[in-house]
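Q: Sequence and predicted structure, then a few things I'm wondering about:
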Amino acid sequence: QVQLVESGGGLVQPGGSLRLSCAASERTFSRYAMGWFRQAPGKEREFVAAVNWSGGSPYYADSVKGRFTISRDNAKNTVYLQMNSLKLEDTAIYYCAADRSVLLTTTPHYWGQGTQVTVSS
């Protein structure tokens, strides 16, 4: 069973950048599709970005397209989320997610514990 540990969250001003990392325990990490979700206070968890098991075909929620970039390093068992031009509405707990499949499903099987991202002036 894969374990996911996020890091890199914090407080940033509007327009700033952060890079989230998610380290996976699974040695067959390259067989997992990976992604990021987020949950803002009082809202449901929503999809942010995902990438297939080889690192190709990244896809994004419309709200982050052009600002966020997902990538993965299979040699390091890690997936990243580079977040640029952050907005107040990006404030949320960000969760790493994984499925042992080519593409991430809408209800991933594995989840990290989350990392807080706060965008505030």
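A: Yep, it's here. Residues are numbered from 1 along each chain as shown.
Q: Contacts only, for Asp99.
A: 32-33, 105, 108-110 (CB atoms under 8 Å, 6 or more residues apart in numbering). Bear in mind the C-beta positions are built from the backbone N, C-alpha and C, glycine included.
Q: Any quick ChimeraX command for the buried ones out of those residues?
A: Command for ChimeraX that selects the buried part of these, burial taken from 16 or more other CB atoms under 10 Å:
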select :32,33,108,110
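Q: Flag whichever of the contacts of Asp99 scores worst on pLDDT.
A: Within the contacts of Asp99, Thr105 has the lowest pLDDT, namely 87.
Q: what helix or strand does that residue sit in?
A: Thr105 is part of no helix or strand, with elements assigned from DSSP states H and E.
Q: Just read off the phi/psi values of it.
A: phi -80, psi 180 (degrees, to the nearest 10).
Q: which ones are touching it?
A: Taking CB under 8 Å, 6+ apart as the criterion, Thr105 is in contact with 33, 99.
Q: any idea how far Asn84 is from it?
A: 27 Å (CB to CB, to the nearest Å).
Q: start to end distance for stretch 26-35?
A: End-to-end distance for stretch 26-35, by CA to CA, to the nearest Å: 15 Å.
Q: Just the buried positions in it, please.
A: So for stretch 26-35, counting by 16+ other CB under 10 Å, buried means 26, 29, 31-35.
Q: try stretch 83-99
A: Here stretch 83-99 shows 83, 86, 90-99 as buried, counting by 16+ other CB under 10 Å.
Q: So which of those residues belong to helices?
A: Counting by DSSP state H, these place none of their members in helices.
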